[in-house]
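In: Here is a sequence with its predicted model. Questions after.
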Amino acid sequence: MCPMSSAPGDRPETVQETAADEPAPQQSAPQPPSRGASHYAKGTAANMVRSMAVILAIVLGFYFVAGRGNTRTPESLDVPGSAQHHAQQAGEAFAYPERLPDGWIATTVRYETADDVMTWNAGYTTPDEEHVSIRQAVDPSASWVKAQTNGGAATGTLTTEDGRDWVTRERDGQVQRSLVHDPDGSGELTTIITGTGSWDQLEAFADRLVEADTGKGASPAS
């Protein structure tokens, strides 16, 4: 028998043709080679530490320059010199304590407006860590006296060794004692000794007051 022939135009599919008809698998785009961490990324932590150190240095520098610029240590306070300087400028013999016992330390000295009145103020710490200061002003108002004594009420009087009379004042509900010497004449300095010190400390402070030299020599405070 003769082999059967295919119909005209028909021919068997070859393996190559069948494979050609199938869709070709998609090939992924070539990936760029991976890169290691950049030099900047590697140094980020170190950069942050250095930046923080610089900021801290700036803050500390500002604190010591601005925050402490107007502060002086007790050892650097020259109360007699400051009293004399302001006395000569104002023409008033401001007072300050002389020969205080050991342990008294000057902590404040200033001449500035307080309750609308120019006020001389010198403050001290006592040996037992209390505070005593002198405040002086020329012809101050009753409101100034009240403010400097923190509203202390009059409780009596005492006379210091130099013969001056003082009104004692004490604040109710909080420790603040004051001695107030208010001369009768006009144009004179009213003197207040005030603080948390004991009455004995306030009196001893008042007993040691001398006037600053205004050009006529120092003398006991009047």
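Out: Looks like it came in fine. Numbering: from 1, shown residues only.

In: Now do residue 118 against residue 146, distance only.
Out: Relative to residue 146, residue 118 is positioned 18 Å away (Cβ to Cβ, to the nearest Å). Just so you know, the C-beta spots here come from the backbone N, C-alpha and C atoms, and that holds for glycine as well.

In: With residue 82 instead?
Out: Following Cβ to Cβ, the distance that separates residue 82 from residue 146 is 26 Å.

In: Comparing these two, which shows the higher neighbour count?
Out: Just comparing residue 82 and residue 146: by other Cβ atoms under 10 Å the higher neighbour count belongs to residue 82, 19 against 14.

In: Show me what the helix or strand harbouring the more buried one is packed against.
Out: Counting by DSSP states H and E, the element that carries residue 82 is helix 79-90. In terms of contacts (3 or more Cβ pairs under 8 Å, 6 or more residues apart in numbering; DSSP states H and E), helix 79-90 is packed against strand 95-97, strand 105-114, strand 117-125.

In: rerun that using 6 Å as the cut-off
Out: Judged by 3 or more Cβ pairs under 6 Å, 6 or more residues apart in numbering; DSSP states H and E, helix 79-90 is in contact with strand 95-97, strand 105-114.

In: Run the angle between that helix and strand 117-125 for me.
Out: Calculated by axes from the mean of the first three to the mean of the last three Cα atoms, to 10 degrees, helix 79-90 forms an angle of 170 degrees with strand 117-125.

In: And the helix or strand hosting residue 166, what does it pack against?
Out: For residue 166, the enclosing helix or strand under DSSP H and E is strand 165-170. The helices and strands touching strand 165-170, judged by 3+ Cβ pairs under 6 Å, 6+ apart, are strand 153-159, strand 177-181.

In: try 10 Å this time
Out: Helices and strands touching strand 165-170, by 3 or more Cβ pairs under 10 Å, 6 or more residues apart in numbering; DSSP states H and E, are helix 142-148, strand 153-159, strand 177-181, strand 189-195, helix 199-207.
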